[in-house]
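**Q** Below is the sequence, then the predicted model.
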Amino acid sequence: MRIATIHIGQEANDFNPVPTTLGDFAAFGIYEGQEILERMRGKGQVGGCVDAVAAAGLEVEWIPVVSAWAMAGGRITTEARLFFEEKIGTGLRRAGRIDALALHLHGACAAEGVDDVEGAQIALCRAVLGPDVPIVLSLDHHANITRQMVELTTAIVGHRTQPHDTYDTGRLAGDMLVRILRGGVRPAMAWRKLRLVTHQEQFLTSQGPMKAWFDQARTMETNNSVLHVGNYPMQPWLDVAEGGWATIVVTDGDRALAERLADRSADLAWSMRVEFMKKDAVAIDDAVRRADAARTGVVVLSDTGDTVFGGTAGDSNLILEAILRLGIKSPALIPLIEPKTVATLVAAGEGAEVTLPLGGGSSPKFFTPLTVTGRVRKIADGRVKVAVFQQPEFDQGQTVIFETGPVTMMISERTGAAGNVPDVYRWFGIEPQDFKMAVLKTASNFQFFKPIASEVIRVDTRGPGQSDVVGLPWSRVPRPMYPMEAPTSWRG
Ligand SMILES: [Zn+2]
């Protein structure tokens, strides 16, 4: 058996005007050919898929085409989109006869002028491979499922947890491939699109309504005819023509069953729509005072409006402003991604005291720069050998450690891990446990800080990732859409 594999991941945020470039992919590594198997061994969607196929004892020659991942961000540039289309087209044409394609994508990537980047990539794969070669697609469950994705693939599997276990998803894809290639199963997919987009405060699958919905999927899978049930609560910053949550049921040839279960899954999610909109975030000043008063740290302050892992630019200064204005004394750790600030501070040099406008440059709709005075503690190269998500290392560009009042800032040119991973601070000689509070640029991925965090406070900050989804400047998602309107059914 010869199986080709392709892995491309980026999640687009339409309210962050800064585009994601090919350089942003290169910062996390773009791999081709056999190097993919070496880099991804035992890791991520690719590693999980390869391991599952091997565990099943299937003799396989892998044809690795391309593997690339970029941090979530603004829409990808035309250059980046065309680059990957060229890699896919050329790679598959050169692969010769193959028996299947393992396609690992994110599912919520948009490009300049193109809403459904992955749909177009899948169409390209199908055009090269013809109608009969099985394509198994593995996706992040924050994907936006589109008609092209469903109609042009053989089966789709998605993450089962948030935070994500990408290796597990790869294994699901590998198992599905094995069952198809051994001739045992013939996947029948049914899907439902919901008129639903909610903020991410209830996105953890370990609790609340999201747990109930994902638990239902696992229960459905206990039926021997059901191969996989994937729920797709689309990430809430994708403003595209086919936007909205979805659910996909894959059965072994039983279309009627798939249709029935897909309805049931959509019904359950819809019935919990008010619970999905429950907000835990507290006002900025309250959050900062609470962290300051906490007996022990590290108190994680989740900057929900500037969630870099949700595709924002990482230059919000709202929590910094509150800490300085309120005269907070406890030491605080805050990341900032802003190339022009890095340039200014590097020019000033290590040890220099500098007064400058900080943050807020990328999204004038949400932020304004804040003038502060502080000292440049350290200037460093930002190539960091710390694993984050599917990538073993990354380059966050030149990085400056800057101190202003009680705040220590890690200011970098590129997003990197956006201060969400303690080992990245340690790479620059900073021990996060020495701080009372740490601002995280994520609203869901607290798993890296969990071993040292005393509590997590969600901060109700505005920004391209804000929890106030109704207040975002939507223009393309279908209407009516809950919660912007109140449609009477998920069907709209
Ligand atoms: Zn996700």
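**A** The structure has been received and is ready for your questions.
**Q** Name the nearest residue to the residue of the stretch 151-300 of the chain found nearest the ion, sequence neighbours excluded.
**A** Nearest to the ion, among the residues of the stretch 151-300 of the chain, is His164, at 5.6 Å (Cβ to the ion). (Each C-beta comes from the backbone N, C-alpha and C, glycine too.) Leaving aside its sequence neighbours, His164 sits nearest to Asp140 (Cβ to Cβ, 6 or more residues apart in numbering; 6.6 Å).
**Q** ditto for Gln148
**A** Closest to Gln148 by Cβ to Cβ, 6+ apart is Gly119, at 3.4 Å.
**Q** re earlier: who are the contact partners of the residue of the stretch 151-300 of the chain closest to the ion?
**A** 140-141, 389 (Cβ atoms under 8 Å, 6 or more residues apart in numbering).
**Q** cool, and Ala217?
**A** Ala217 makes contacts with 160, 229-231, 247, 265, as judged by Cβ under 8 Å, 6+ apart.
**Q** which of the residues in the helix or strand where it lies are buried?
**A** If you go by DSSP states H and E, Ala217 is part of helix 208-220. Judged by neighbour count (16 or more other Cβ atoms under 10 Å), helix 208-220 contains these buried residues: 208-210, 213-214, 216-217, 220.
**Q** Can you tell me which of the residues you listed is nearest Glu242?
**A** Set against Glu242, the nearest of the buried residues of helix 208-220 by Cβ to Cβ is Trp213 (20.7 Å).
**Q** In this structure the closest one contacts Asn231, no?
**A** Yes - here Trp213 reaches Asn231: they are 5.5 Å apart, a contact under Cβ atoms under 8 Å.
**Q** and for the two, which residues touch both?
**A** Common neighbours of Trp213 and Asn231, using Cβ under 8 Å, 6+ apart, are 265, 269.
**Q** ok so, going back, state the three-state secondary structure for the residue of the stretch 151-300 of the chain closest to the ion.
**A** Put simply, His164 is coil when judged by DSSP: H, G, I helix; E, B strand; the rest coil.
**Q** now for the longest strand along the chain, which elements pack on it?
**A** Ranked by residue count, the top strand of the chain under DSSP state E comes out as strand 370-380. Applying 3 or more Cβ pairs under 8 Å, 6 or more residues apart in numbering; DSSP states H and E, one finds that strand 370-380 contacts helix 318-325, helix 339-348, strand 353-358, strand 399-404, strand 407-412.
**Q** What number of residues are in the vicinity of Ala127?
**A** Ala127: 12 surrounding residues under other Cβ atoms under 10 Å.
**Q** That one - that's part of a strand, no?
**A** No - Ala127 is assigned helix when assessed by three-state DSSP, not a strand.
**Q** who touches it in this structure?
**A** Counting by Cβ under 8 Å, 6+ apart, Ala127 makes contact with nothing.
**Q** Model confidence for it, exactly?
**A** For Ala127, the pLDDT comes out at 98.
**Q** do the same with Gly91
**A** Predicted confidence (pLDDT) for Gly91: 98.
**Q** Name the nearest residue to it, ignoring sequence neighbours.
**A** Closest to Gly91 by Cβ to Cβ, 6+ apart is Val65, at 3.4 Å.
**Q** Please name the strands paired to the helix or strand hosting the one you found in the sheet, noting orientation.
**A** Secondary structure assignment for Val65, by DSSP H and E: strand 61-69. Strand 61-69 pairs in its sheet with strand 2-9 (parallel), strand 30-32 (antiparallel), by DSSP bridges.
**Q** Following element in sequence after that strand, please.
**A** Next along the chain from strand 61-69, counting by DSSP H and E, comes helix 78-94.
**Q** Restricting to C-alpha, output that next one in CSV.
**A** C-alpha atoms of helix 78-94 as CSV (Å, rounded to 0.1, in the frame of the first residue of the first chain):
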residue,chain,number,x,y,z
THR,A,78,-2.3,34.9,-1.4
GLU,A,79,1.4,34.0,-1.6
ALA,A,80,1.0,31.5,1.2
ARG,A,81,-2.2,30.0,-0.2
LEU,A,82,-0.7,29.5,-3.7
PHE,A,83,2.6,28.1,-2.2
PHE,A,84,0.7,25.3,-0.5
GLU,A,85,-1.6,24.6,-3.5
GLU,A,86,1.6,24.3,-5.6
LYS,A,87,3.2,21.9,-3.1
ILE,A,88,0.0,19.8,-2.9
GLY,A,89,-0.5,19.6,-6.7
THR,A,90,3.1,18.9,-7.6
GLY,A,91,3.6,16.5,-4.7
LEU,A,92,0.5,14.4,-5.5
ARG,A,93,1.2,14.3,-9.2
ARG,A,94,4.8,13.2,-8.6
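**Q** Hmm, the residue nearest to Gln148 is touching Thr146, no?
**A** Yes - here Gly119 reaches Thr146: they are 4.7 Å apart, a contact under Cβ under 8 Å.
**Q** Low-confidence bits of the stretch 301-450 of the chain, can you list those?
**A** Across the stretch 301-450 of the chain, nothing is flagged by pLDDT under 70.
**Q** now the end-to-end length of stretch 436-450.
**A** End-to-end distance for stretch 436-450: 14 Å, by Cα to Cα, to the nearest Å.
**Q** and what of stretch 200-213?
**A** End-to-end for stretch 200-213, by Cα to Cα: 15 Å.
**Q** Any part of it near the ion?
**A** No - contact of stretch 200-213 with the ion (Cβ under 5 Å from the ion) is absent, the minimum separation being 8.3 Å.
**Q** Just give the number of residues close to Pro233.
**A** For Pro233, the neighbour count with other Cβ under 10 Å is 27.
**Q** Which pLDDT value does the model give it?
**A** Here the pLDDT value assigned to Pro233 is 98.
**Q** if we can go back for a sec, quick check: phi and psi at the residue of the stretch 151-300 of the chain closest to the ion.
**A** Note on His164: backbone dihedrals following degrees, to the nearest 10 are phi -80, psi 150.
**Q** Over to Trp427?
**A** Torsion angles at Trp427 (phi, psi; degrees, to the nearest 10) stand at phi -60, psi -30.
**Q** Nice, that's everything, thank you.
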